[in-house]
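Novice: give the three-dimensional model of this entry:
(2 chains)
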Amino acid sequence: NAGVMQNPRHLVRRRGQEARLRCSPMKGHSHVYWYRQLPEEGLKFMVYLQKENIIDESGMPKERFSAEFPKEGPSILRIQQVVRGDSAAYFCASSLAVTDTQYFGPGTRLTVL
Amino acid sequence: DQQVKQNSPSLSVQEGRISILNCDYTNSMFDYFLWYKKYPAEGPTFLISISSIKDKNEDGRFTVFLNKSAKHLSLHIVPSQPGDSAVYFCAASATGSYQLTFGKGTKLSVIP
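Specialist: So this is what the prediction gives:
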């Protein structure tokens, strides 16, 4: 009964370092979405990926952020040269088909010192 | 510009009574709405959804009502239980779109 898995659950980085967040979708799901939740805010869409393809990255900052979903392995959200404003909870969701219900992982809480 | 608004940051209800959580939206393209429940340090859990072709959807203790003309939806929980205490997020999407637009959430506290 494995749901969406994310790791690490907590990540602390100093300004200028890189953060790598991993997401394994539910079994059988090939659609992955990343959302970010800033303090006291709702979740905001960042990027939608299918295996080996970025379908929509319109919600992702143009610089320092990148995402991938390789043929084998988890989806990765990568943040280079982190700044304090990147501190947030990052949630990954997956779905069976593109318009099906999205199921969320537990999130990674990134703290930038 | 917030397209999905949950104007009550918090709500307290006595156990056994009805909880009513409200959500308003501004984007007339939205035609599919979802409620997620979130406990601290966990991810959002899907609760119930409604399509714009309906005005009501029920699942056990949870009922969602949609008023398209008012661009308003509400989640009713009856009877409320202490385990329902969580943050509830309203989310919306448009036909063919995978992007969910979330409100800021309402923290529900059910008092035993």
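
Novice: hang on, isn't residue B:63 packed against residue B:57?
Specialist: Yes: contact criterion CB atoms under 8 Å: residue B:63 and residue B:57 qualify, at 7.1 Å. Placement of C-beta: from N, CA and C, glycine included.

Novice: between these two, which has more neighbouring residues?
Specialist: Counted by other CB atoms under 10 Å in any protein chain shown, residue B:63 and residue B:57 do not tie: residue B:63 has more neighbours, with 18 against 15.

Novice: which outside residues touch the helix or strand hosting that one?
Specialist: Assigned by DSSP states H and E, residue B:63 belongs to strand B:62-67. With contact meaning CB atoms under 8 Å, 6 or more residues apart in numbering or on different chains, strand B:62-67 is reached by B:33, B:35, B:47-50, B:52, B:54-58, B:72-78.

Novice: overlap in contacts of residue B:63 and residue B:57?
Specialist: residue B:48.

Novice: get me the contact residues on chain B for chain A.
Specialist: Where chain B comes near chain A, counting by CB under 8 Å from any CB of the partner chain, the residues are B:4, B:34, B:36, B:41-46, B:49, B:89, B:91, B:96-105.

Novice: go again with 6 Å.
Specialist: Within chain B, the positions near chain A by CB under 6 Å from any CB of the partner chain are B:42-44, B:46, B:98-99, B:102-104.

Novice: skip the chain neighbours and tell me the closest residue to the most centrally placed residue in chain A.
Specialist: Chain A has residue A:34 as the residue nearest its centroid, 3.9 Å off, counting by CA atoms, centre = their mean. Nearest residue to residue A:34 in three dimensions, chain neighbours excluded: residue A:46, at 4.4 Å (CB to CB, 6 or more residues apart in numbering or on different chains).

Novice: for the residue nearest to the centre of chain A, pull up the helix or strand it's in.
Specialist: Element membership for residue A:34, per DSSP H and E: strand A:31-37.

Novice: for the next helix or strand along the chain from that strand, which positions count as buried?
Specialist: Next helix or strand after strand A:31-37 toward the C-terminus (DSSP H and E): strand A:43-50. Buried residues in strand A:43-50, counted by 16 or more other CB atoms under 10 Å in any protein chain shown: A:43-49.

Novice: with stretch B:59-76 instead?
Specialist: Here stretch B:59-76 shows B:62-66, B:71, B:73-76 as buried, counting by 16+ other CB under 10 Å.

Novice: and residue 91, what's its pLDDT?
Specialist: You didn't pick a chain, so chain A it is. Here, the pLDDT recorded for residue A:91 equals 97.

Novice: could you do chain B instead?
Specialist: 96.

Novice: quick revisit: how much space between the residue nearest to the centre of chain A and residue B:100?
Specialist: 12 Å (CB to CB, to the nearest Å).
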